[in-house]
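Chemist: okay, sequence plus prediction incoming.
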Amino acid sequence: MYMKTYHNIECDCLEKIQEESLHWIKTHTDLLTDASQFWNKIDSKLFLLQNPTLVKFCLDKKLSIREVAVLITTDDVTLHVDEGPVVAKLNVPLKNTKDTFTEWYEVPEINSMVSVESPFGNPYLDLKNVDLNKCKKINEVELVTPLIFNSSIPHRVRVNSKSKEPRVVLSCMFFKEPKHYLEEDLALA
Ligand SMILES: [Fe+2]
């Protein structure tokens, strides 16, 4: 089955989620001033205890969060496929995501490419040396609302080069993956 690259999730409590999340990150980590990598694992259990708005927002959609991570960058993020087996994540914009774009690409001969070990010891596909001119961009999105994100299709992030502030995103992973959001809308097919 073809999988969509992303699906927007309507959210009328985004500001509150951002406020609670950023407060926790600020008071429990130094990531906002001192992040040395893009993908940062945090104490998810402790985080969720103090982020009731996010937890409720997800539970209302029958989504129970297993783990969260904080994604931070001031530079473009090169082409890659996230480490498996997770495919469908909820990405929530926290800070400075306006004018930043996630782009998904179709990469030729991707099946013959070899995974490398991620900083967390799991296999992932680093595609930074792939010539983008030989790839086809299949979609892009400016991350300004929460969305279910397909991390199994090659993607990269373009940041706002004028901004000196880091782009901060919260990525949530669930006990049962919400892959149904990424199924093609049959009515449009
Ligand atoms: Fe990714």
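Modeler: Thanks, I have the structure now.
Chemist: low-scoring stretches of the protein, by residue?
Modeler: In the predicted model of the chain, residues 1-2, 185-189 satisfy pLDDT under 70.
Chemist: spatially central residue for it, please.
Modeler: A centroid search over the chain (Cα atoms, centre = their mean) returns residue 91, at 4.5 Å, as the residue closest to the centre.
Chemist: so what's that one up against?
Modeler: Residues near residue 91 by Cβ atoms under 8 Å, 6 or more residues apart in numbering: 71, 143, 146-149, 169-172. (Glycine included, C-beta is placed from N, CA and C.)
Chemist: immediately after the host helix or strand of it, which helix or strand?
Modeler: Using DSSP states H and E, residue 91 falls within strand 88-95. Once the chain leaves strand 88-95, the next helix or strand it forms, by DSSP H and E, is strand 101-106.
Chemist: the lengthiest helix in the chain vs strand 88-95, what angle?
Modeler: Assignment by DSSP state H gives helix 14-28 as the longest helix of the chain. For helix 14-28 against strand 88-95, the angle by axes from the mean of the first three to the mean of the last three Cα atoms, to 10 degrees is 80 degrees.
Chemist: show me where the protein has its helices.
Modeler: Under DSSP H, the chain gives helices at 14-28, 31-34, 44-49, 52-59.
Chemist: save these as TSV, and put in distance to residue 115 and mean neighbour count too.
Modeler: Shown next, in TSV, are these (distance: least, Cβ to Cβ, whole Å; neighbours: other Cβ atoms under 10 Å):
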stretch	distance to residue 115	mean neighbour count
helix 14-28	30	16
helix 31-34	27	12
helix 44-49	25	15
helix 52-59	30	18
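Chemist: what sits up against the longest helix of the chain?
Modeler: 11, 31-32, 42-43, 46-47, 50-54, 57, 70, 92-95, 145-146, 168, 170.
Chemist: CA atoms only for that helix, dumped as PDB, please.
Modeler: What follows is helix 14-28, C-alpha atoms only, in PDB (Å, rounded to 0.1, in the frame of the first residue of the first chain):
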ATOM      1  CA  LEU A  14      -1.200  23.900  20.200                       C
ATOM      2  CA  GLU A  15      -0.100  27.000  22.200                       C
ATOM      3  CA  LYS A  16      -0.800  25.300  25.500                       C
ATOM      4  CA  ILE A  17       1.200  22.200  24.400                       C
ATOM      5  CA  GLN A  18       4.000  24.400  23.300                       C
ATOM      6  CA  GLU A  19       4.100  26.200  26.500                       C
ATOM      7  CA  GLU A  20       4.100  23.100  28.700                       C
ATOM      8  CA  SER A  21       6.600  21.300  26.500                       C
ATOM      9  CA  LEU A  22       9.100  24.200  26.300                       C
ATOM     10  CA  HIS A  23       8.800  24.800  30.000                       C
ATOM     11  CA  TRP A  24       9.700  21.200  30.800                       C
ATOM     12  CA  ILE A  25      12.600  21.200  28.300                       C
ATOM     13  CA  LYS A  26      13.900  24.500  29.700                       C
ATOM     14  CA  THR A  27      13.700  23.400  33.300                       C
ATOM     15  CA  HIS A  28      14.900  19.800  32.900                       C
END
